[in-house]
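S.K.: How does the following fold in three dimensions:
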Amino acid sequence: MPRLRLRGDRKRVADAAASVTLVVGVEHLPPPAHSGEPEAITAPRDGREVADAEHDPSAFGREAGEGNDVRLAIRHPQALEHILPGAAGDVEITGIGQFGRPWTLSIREIEDRMLLVRLIDRSATIAAEKMRVDFVANASHELRTPLSTILGYSETLADEAELDGEHRVKFGSIIRGEAKRMLRIIEDLMSLSRIEAVRFVTPGDRVSVAEVAASAVENACRGAQQCSIRLDVEQDLPAILGDRAQLLQLVDNLLSNAIRYGCESGECIIRVSAVFEDGWIRLSVADNGPGIPREHLRRVTERFYRVDAARSRESGGTGLGLAIVKHVMQRHGGELDIHSEPGKGSTFRLVFPALRVRSANAPVAGVDAATTLPTP
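M.R.: Numbering: from 1, shown residues only. Next up is the predicted model:
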């Protein structure tokens, strides 16, 4: 009878990057005449430990355990077709533990009549590959649209020698606008690439959140005559450890979104505030625009995701602004909270953790110890 030896944490198999390792022994026993069973696989009896074995009742049979039938542990016909004969090799299978869940089944001979059977969960790998494919497809689409416009109008200018000056100016303006749009997309893609390149490097510069917010508001006011932007920053706001350029880009993006989508009426008000509460710095950007429907909130930080694609393109959006915000906050160990109600506006709250605040304000040589913050 096929048997196995199994040990480990029952929770890990449910994780995205779980792996399961089994050690089984092959015994050439004659099958019972009435059963028609193949050669038996049984657990070794010499006290050998199994390295890195994890199992979950949802993925393996409840009867699974040391010395039990391996077919009670792995109830998957395709997997057993490769395990029971004891032939070494690798095979891709799906459906263990969850419908459609992909695994790599690896079988290796480790000594006489002993097999090492390893199941590797490929869910995370396949999800990452899908994200890469989707990203390339979306980026290609976003660049192809303005490029097609540029080609169309440039061909008209080249082929129509007698085109009047008014149309030439109009077509040239359209070409320039679409070229600028392509440049914005490329610049945002490069920004994302730079942020991801240093995502595991903890930023260590002392950054004044009040100064960053003031600079972003000043930049936004230059092109937001139709909006009223109000800045409310708590006095003596402590510094944080961060990357100033990334934090400024983060606030710039939030303000750009608020102006682009929230300033449709003449009474639009954008509020930027920053407070220090219980050892945390909370920065928020709020508008009283049309808001975001609930079903879109969980996806607005995805790359190239738009609530209204046509409106976003017409207003000059690239679909990458909130993705940049999310990645900057992840690098700074912070949290991004989005609250929005259709017809009432949206609020984006950025929360910077206490550790980062305390570290930035800890006493160092040449710094007055009075600036040290109490432990919240």
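S.K.: For whichever helix or strand S193 is part of, buried residues please.
M.R.: Using DSSP states H and E, S193 sits in helix 165-197. When burial is assessed from 16 or more other C-beta atoms under 10 Å, helix 165-197 yields the following buried residues: 171, 174-175, 178, 181-182, 184-185, 188-189, 191-192, 195. Using the backbone N, CA and C atoms, a C-beta is placed for each residue, glycine as well.
S.K.: Would you check how far apart V117 and V91 are?
M.R.: Counting by C-beta to C-beta, to the nearest Å, the separation of V117 from V91 is 11 Å.
S.K.: Need the overlap of contacts for these two.
M.R.: L105 (C-beta atoms under 8 Å, 6 or more residues apart in numbering).
S.K.: and the helix holding S193, what's its mean pLDDT?
M.R.: The average pLDDT for helix 165-197 rounds to 89.
S.K.: packing partners for that helix?
M.R.: Helix 165-197 makes packing contacts with helix 123-159, helix 321-331 when contacts are defined by 3 or more C-beta pairs under 8 Å, 6 or more residues apart in numbering; DSSP states H and E.
S.K.: which other residues reach the last one?
M.R.: Applying C-beta under 8 Å, 6+ apart, the contact partners of helix 321-331 are 188, 191-192, 195-196, 198-199, 201, 203, 243, 246-247, 249-250, 253-254, 256-257, 300-304, 335-336, 348, 350.
S.K.: got the buried residues for it?
M.R.: Of the residues in helix 321-331, 321-329, 331 count as buried by neighbour count, 16+ other C-beta under 10 Å.
S.K.: Convert the C-alpha atoms of that helix to CSV, please.
M.R.: Extracted C-alpha coordinates of helix 321-331, given in CSV (Å, rounded to 0.1, in the frame of the first residue of the first chain):
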residue,chain,number,x,y,z
GLY,A,321,-0.4,58.8,-11.0
LEU,A,322,-2.0,56.8,-8.2
ALA,A,323,0.2,53.8,-9.0
ILE,A,324,3.2,56.0,-8.3
VAL,A,325,1.5,57.2,-5.0
LYS,A,326,1.0,53.7,-3.9
HIS,A,327,4.6,52.6,-4.6
VAL,A,328,6.0,55.6,-2.9
MET,A,329,4.0,55.0,0.2
GLN,A,330,5.0,51.3,0.2
ARG,A,331,8.7,52.3,0.1
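S.K.: How far does that helix sit from its chain's centre?
M.R.: Computed by C-alpha atoms, centre = their mean, to the nearest Å, the chain-centroid distance of helix 321-331 equals 9 Å.
S.K.: what angle separates that helix from helix 165-197?
M.R.: Helix 321-331 and helix 165-197 are oriented at 20 degrees to each other (axes from the mean of the first three to the mean of the last three C-alpha atoms, to 10 degrees).
S.K.: Now the element after helix 321-331, going C-ward?
M.R.: Assigned by DSSP H and E, the successor of helix 321-331 is strand 335-341.
S.K.: Provide the strand pairings for that next one, with the direction of each partner.
M.R.: Paired neighbours of strand 335-341 in the sheet (DSSP bridges): strand 345-352 (antiparallel).
S.K.: Residues in contact with the strand it pairs with: which ones?
M.R.: In contact with strand 345-352 (C-beta under 8 Å, 6+ apart) are residues 209, 240, 242, 250, 254, 258, 262, 280-292, 325, 329, 332-340.
S.K.: where does the stretch 101-250 of the chain dip in pLDDT?
M.R.: 112-113, 223-225 (pLDDT under 70).
S.K.: Give me the distance between the two termini of stretch 90-102.
M.R.: Across stretch 90-102, the terminal residues are separated by 13 Å (C-alpha to C-alpha, to the nearest Å).
S.K.: residues of it that come out buried?
M.R.: Applying 16+ other C-beta under 10 Å to stretch 90-102 flags 93, 96-97, 101-102 as buried.
S.K.: Distance from stretch 99-117 to the middle of the chain?
M.R.: The chain centre lies 31 Å from the centre of stretch 99-117; the measure is C-alpha atoms, centre = their mean.
S.K.: Pull out the buried residues from it.
M.R.: 101-103, 105-107, 115-117.
S.K.: for stretch 288-305, same thing?
M.R.: Under the neighbour-count criterion of 16+ other C-beta under 10 Å, stretch 288-305 has 288-292, 300-305 buried.
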